[in-house]
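In: next input, structure requested:
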Amino acid sequence: MPIRIPKLLPAREILESENIFVMEDERAMQQDIRPLNILILNLMPEKERTEAQLLRLLGNTSLQVNVTFLQTATHVSKNTSKYHLEQFYSTFSEVKHRKYDGMIITGAPVELFTFEEVDYWNELTEIMDWTKTNVTSTLHICWGAQAALYYHYGIDKFELPRKCYGLFYHKLYDKTVKLLRGFDDIFLAPHSRYTDVSMQAINACSDLKLLAASDEAGAFIVSSLNGKQIMVTGHLEYDVDTLAEEYERDTKKGLDIHLPENYYPNDNPENQPANLWRSHAHLFFSNWLNYYVYQETPYEWD
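Out: Model (predicted):
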């Protein structure tokens, strides 16, 4: 089934070139189907790239999905054109009267600030509080996951001695959870962050369950017991070359940055990396949409 997106969204061309089934509004409205309504709060600087990454994964299921992109009103993006934001994004005041089947809150390059120092923190806490009653299940990614752990459960982040950066092996802590159905016992996933959260604090919280973790990268997938809050500290949505572009960007800036670990073949940046996490990325998003959104959301919201 298709993912429903605006006809002129730039990500459409990328998705169609990859044979992802997309559908414009006019055709979708002719189908007698109750689509899932997904809200995406995109906090990443390169918003168009993040749009394509997430839509690619949301569009590869048997469910019809309507997507609404959300931007913060209290922070002005410097990397995305005002025209793009005005045409394809809403603000919270424009959508808070609605109910959504699912929501995604992305990461953001603000992790070295305390949460309260982030200029849109108050707005984000209002949104996260609103999700408790207006969203069936919310998926938080990277810094978004750390923000959720802090706001909902009081678990703060801490700075790492060096960036957690590369491709790491993870193991399952609970193979029976629907979110991880079909996962291998050991699987790879990318990380790119300067901060971490305590696995001990997560395990000590009676409202949380640690589902997957890495010996090198720490906690990876965490869920509330009711499945309404899902936290992923890494980036299953990343393209194969995203870490390479981050490394080249930081190197050009003169930053003291190490090679992404376990990423380049033979640790040689001249070698093309392979995408070794794609299948688990699709499986994860498919499981979330099916078991935590579609199977749980009411056909008609009150």
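In: let me see the mean pLDDT of stretch 114-130.
Out: Averaging pLDDT along stretch 114-130 gives 98.
In: list the buried ones in that stretch?
Out: Under the neighbour-count criterion of 16 or more other CB atoms under 10 Å, stretch 114-130 has 115, 118, 120-121, 123-125, 127-128, 130 buried. Using the backbone N, CA and C atoms, a C-beta is placed for each residue, glycine as well.
In: now do stretch 188-198
Out: Within stretch 188-198, the residues scored as buried using 16+ other CB under 10 Å are 188-197.
In: can you redo those residues as CSV with pLDDT and distance to R12?
Out: CSV is the format used below for the buried residues of stretch 188-198 (pLDDT from 0 to 100; distance: CB to CB, whole Å):
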residue, pLDDT, distance to R12
L188, 98, 29
A189, 98, 27
P190, 98, 25
H191, 98, 29
S192, 97, 27
R193, 96, 30
Y194, 96, 34
T195, 98, 34
D196, 98, 36
V197, 98, 36
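In: looking at those, which is nearest R249?
Out: Nearest to R249 among these: S192, at 11.3 Å, using CB to CB.
In: which one is the closest one nearest to, not counting chain neighbours?
Out: Leaving out its chain neighbours, the residue that sits closest to S192 by CB to CB, 6 or more residues apart in numbering is Y165, at 5.5 Å.
In: assumed the one you found was part of a strand.
Out: Yes: assessed by DSSP: H, G, I helix; E, B strand; the rest coil, Y165 belongs to a strand.
In: that one touches H258, doesn't it?
Out: Yes: using CB atoms under 8 Å, Y165 is in contact with H258, at 6.9 Å.
In: those two: which is more packed in?
Out: Y165 (23 against 11; other CB atoms under 10 Å).
In: quick one: residues contacting that one.
Out: Y165 makes contact with 191-193, 243, 246, 257-258, 260-261, according to CB atoms under 8 Å, 6 or more residues apart in numbering.
In: one more: Y169?
Out: Y169 touches 186-188, 214-216, 262, counting by CB under 8 Å, 6+ apart.
In: find me the pLDDT at it, would you?
Out: Y169 carries a pLDDT score of 98 in this model.
In: buried stuff in the helix or strand containing it?
Out: Assessed by DSSP states H and E, Y169 sits inside strand 157-172. Buried residues in strand 157-172, counted by 16+ other CB under 10 Å: 157, 163-168, 170, 172.
In: farthest pair in these?
Out: K163 and L172 (25.3 Å).
In: in the stretch 1-150 of the chain, which spans are helices?
Out: 11-17, 25-28, 47-58, 82-88, 92-95, 121-134, 143-153 (DSSP state H, counting those that start in this stretch).
In: I'd like these laid out as TSV, including distance to S224.
Out: Converted to TSV, the helices of the stretch 1-150 of the chain look like this (distance: least, CB to CB, whole Å):
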stretch	distance to S224
helix 11-17	30
helix 25-28	31
helix 47-58	21
helix 82-88	30
helix 92-95	22
helix 121-134	10
helix 143-153	8
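In: weakest of these in terms of mean pLDDT?
Out: helix 25-28 (a mean of 53).
In: what about S17, neighbour count?
Out: For S17, which is what you asked about, the neighbour count (other CB under 10 Å) is 8.
In: equivalent analysis for S206, please.
Out: Neighbour number of S206 under other CB under 10 Å is 8.
In: that one: what secondary structure?
Out: coil.
In: for it, give me the pLDDT.
Out: pLDDT, S206: 97.
In: then P6?
Out: On pLDDT, P6 comes in at 73.
In: that one touches H84, doesn't it?
Out: No: the criterion here is CB under 8 Å, and P6 misses it with H84 at 11.0 Å.
In: this completes my enquiry, with thanks.
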